[in-house]
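Engineer: predicted structure and sequence below. I'll ask about it afterward.
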Amino acid sequence: MLEIRAEHHKPSQLVKRFVAASNPFGFYPDAFFPNQAGVGYELPSLLSPLKEHQNRFTIFSHLDHGLSGGHKACHAFLSGIKVSDARRFSDGNISIDQKMAGWVGARTRFSSLHLGNNADQSWTRNGVQVPSEGDPARIFDALFLDNTADARAAQRLQMGLDGSVLDAVREQAKGFARHLGARDREHLDQYFTAVRELERKLRMNANWIDRPKPEVKLKRPQKGEGQKKNLPLYYELMALALQTDSTRVATTWADGGNLLEDFGLSYPSYHKYSHHGRLPELVEGLLKIELHQMQCLAKFLDQLQSIPDNLNGGRLLDHTMVLVGSGLANGSSHSTHNMPILVAGGGFRHGRHHVSPEEPEKRVPLNNLYLTIAQHFGLEIDRFNTSTGTLNGFG
């Protein structure tokens, strides 16, 4: 295995932001990965919507987490660790977005935002899945609609309660635990730790209750169904959340939706098209779905590039790292090797197709890239989960 020494970076004086966008089935490899390495590569068909930003993003080949299991490993996209293996690591299977969100803390109203239906990519260090929200209207309300006086009073009461729920049941819990096996006691302890962490976050965020939420020009969106309607709204809401400094960490997820109506396809299942077996009809349908995702990403990058960064100067994209990929490299073969990875913005040197060694014995973990991103964000860490160092040649 190729070992790359980690540099211990000092936190940046600039305010950095992080966005992760993914889907459940990867991208069609022949249309995602360029044929040439380095600079000046020809954009493959899926990346053609990003032409105006080619010098603002990097494509990575031969990065992955070294996992197997197909769909059962997809949830490890942002962590590199399956839930079943989390106990072997000091930070469990914490995902990179939650590592950053913990560092941001209460500096923003939301330490992180998660947009999309049933996304399972964000995990706390306690092995708890962070829920996502798929209704753009509810997301808008949380970000930009002020609560009523009664609702704020109820929040203050909830967060101002003396003591802890756990303190109230401590003795009962101890008695209950005596009758459990070692595995169940471990699960109970993980649950109590997660509750304690939630209580800490609630108290930490209490100062935001009476602060007015920012006003934006976007009208309250209507609830849509599927990625054709919702994905553009997710991106627009994330851009506004970053612009107003409501959060500095966000993730989004492209699910299926009504493929017949949205894309004029013959079958309703995104899963069916991703498992195409190279049948031309299914490949053509899959590329329509994936091209839409890239078109939405292109508009998002357009928007970030057009918005002044009021905290740092320059443009919002200059200080926002946008990670795009999937926990599944190839849906048709269920492969988790050579995952499709793109990073845009954030102040990195871009415009390259970064190719890591393909040989198994020289494999570079995807978490090396995540460690590089985390340090660039400002975290003073020299390891992230399964990383062996930072990513050589990217920075």
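Structural biologist: Perfect, thanks for sending it. Numbering: from 1, shown residues only.
Engineer: what's the pLDDT at the residue lying closest to residue 145 once chain neighbours are set aside?
Structural biologist: Leaving aside its sequence neighbours, residue 145 sits nearest to residue 213 (C-beta to C-beta, 6 or more residues apart in numbering; 6.8 Å). For every residue, glycine as well, the C-beta is placed using N, CA and C. Listed pLDDT for residue 213 reads 91.
Engineer: now the one 5 residues further on
Structural biologist: Residue 218 carries a pLDDT value of 91.
Engineer: ok, the one 5 residues further on next?
Structural biologist: At residue 223, the predicted lDDT confidence score is 77.
Engineer: surely it meets residue 139?
Structural biologist: No - using C-beta atoms under 8 Å as the test, residue 223 is too far from residue 139 to be in contact (10.2 Å).
Engineer: of those two, which one has the most company?
Structural biologist: Under the criterion of other C-beta atoms under 10 Å, the comparison of residue 223 against residue 139 puts residue 139 first, with 22 against 12.
Engineer: wait, what's in contact with the more buried one?
Structural biologist: Residues near residue 139 by C-beta atoms under 8 Å, 6 or more residues apart in numbering: 113, 115, 133, 234, 237.
Engineer: by neighbours, which of the residues you listed wins?
Structural biologist: Using other C-beta under 10 Å as the neighbour test, the contacts of residue 139 are led by residue 234, with 29 neighbours.
Engineer: how far off centre is the strand or helix carrying that residue?
Structural biologist: For residue 234, the host element (DSSP states H and E) is helix 227-243. Distance of helix 227-243 from the chain centroid (C-alpha atoms, centre = their mean, to the nearest Å) equals 14 Å.
Engineer: packing partners for the helix or strand just after it?
Structural biologist: Counting by DSSP H and E, the next helix or strand C-terminal to helix 227-243 is strand 249-253. Packing partners of strand 249-253 (3 or more C-beta pairs under 8 Å, 6 or more residues apart in numbering; DSSP states H and E): strand 17-23, helix 96-104, strand 113-115, helix 227-243.
Engineer: where does pLDDT dip in the stretch 51-200 of the chain?
Structural biologist: 150-152, 154-179, 185-188, 190-200 (pLDDT under 70).
Engineer: the longest helix in this protein is where?
Structural biologist: Across the chain, the helix with the greatest residue count (assigned by DSSP state H) is helix 280-306.
Engineer: avg pLDDT for it?
Structural biologist: Averaged over helix 280-306, pLDDT sits at 96.
Engineer: that one to strand 17-23, inter-axis angle?
Structural biologist: If you take axes from the mean of the first three to the mean of the last three C-alpha atoms, to 10 degrees, helix 280-306 sits at 170 degrees to strand 17-23.
Engineer: if we can go back for a sec, what's the residue nearest to residue 145 in contact with, if anything?
Structural biologist: Contact analysis of residue 213 by C-beta under 8 Å, 6+ apart lists 109, 143, 144, 145, 146, 246.
Engineer: wait, the last one sits on residue 111?
Structural biologist: No - counting by C-beta under 8 Å, no contact exists between residue 246 and residue 111, whose distance comes to 10.6 Å.
Engineer: who are the packing partners of the longest helix of the chain?
Structural biologist: strand 17-23, helix 227-243, helix 259-263, helix 270-274, strand 320-326, strand 341-345.
Engineer: pipe these into CSV and attach mean pLDDT and distance to residue 389 per row.
Structural biologist: As requested, the helices and strands packed on helix 280-306 are arranged in CSV below (pLDDT from 0 to 100; distance: least, C-beta to C-beta, whole Å):
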stretch, mean pLDDT, distance to residue 389
strand 17-23, 97, 20
helix 227-243, 94, 29
helix 259-263, 78, 42
helix 270-274, 87, 33
strand 320-326, 97, 19
strand 341-345, 98, 17
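Engineer: nearest to residue 61, out of these?
Structural biologist: With C-beta to C-beta, the closest approach to residue 61 among the helices and strands packed on helix 280-306 belongs to strand 341-345: 8.3 Å.
Engineer: report all helices and strands that that closest one contacts.
Structural biologist: The elements that strand 341-345 packs onto, with contact taken as 3+ C-beta pairs under 8 Å, 6+ apart, are strand 57-61, helix 280-306, strand 320-326, helix 366-377.
Engineer: tell me which strands it pairs with, and in which orientation.
Structural biologist: The strands that strand 341-345 pairs with in its sheet are strand 57-61 (antiparallel), strand 320-326 (antiparallel) (by DSSP bridges).
Engineer: tell me the most buried of those strands?
Structural biologist: Neighbour counts (mean count of other C-beta atoms under 10 Å) averaged over each of the strands paired with strand 341-345 peak at strand 320-326, with a mean of 24.
Engineer: now do that strand against helix 227-243, angle only.
Structural biologist: Using the same axes, to 10 degrees, strand 320-326 lies at 150 degrees relative to helix 227-243.
Engineer: residues in contact with strand 320-326?
Structural biologist: The contact list for strand 320-326, computed with C-beta under 8 Å, 6+ apart, reads 16-27, 57, 74, 77, 242, 297, 300-301, 304, 339-346, 348, 373, 376-377.
Engineer: one more pass at 6 Å, please.
Structural biologist: With contacts defined as C-beta atoms under 6 Å, 6 or more residues apart in numbering, strand 320-326 is touched by 17-23, 26, 304, 339-346, 373.
Engineer: ok, stretch 278-296 next?
Structural biologist: With contact meaning C-beta under 6 Å, 6+ apart, stretch 278-296 is reached by 27-28, 46, 49, 231-232, 235, 254, 263, 265, 273-274, 276.
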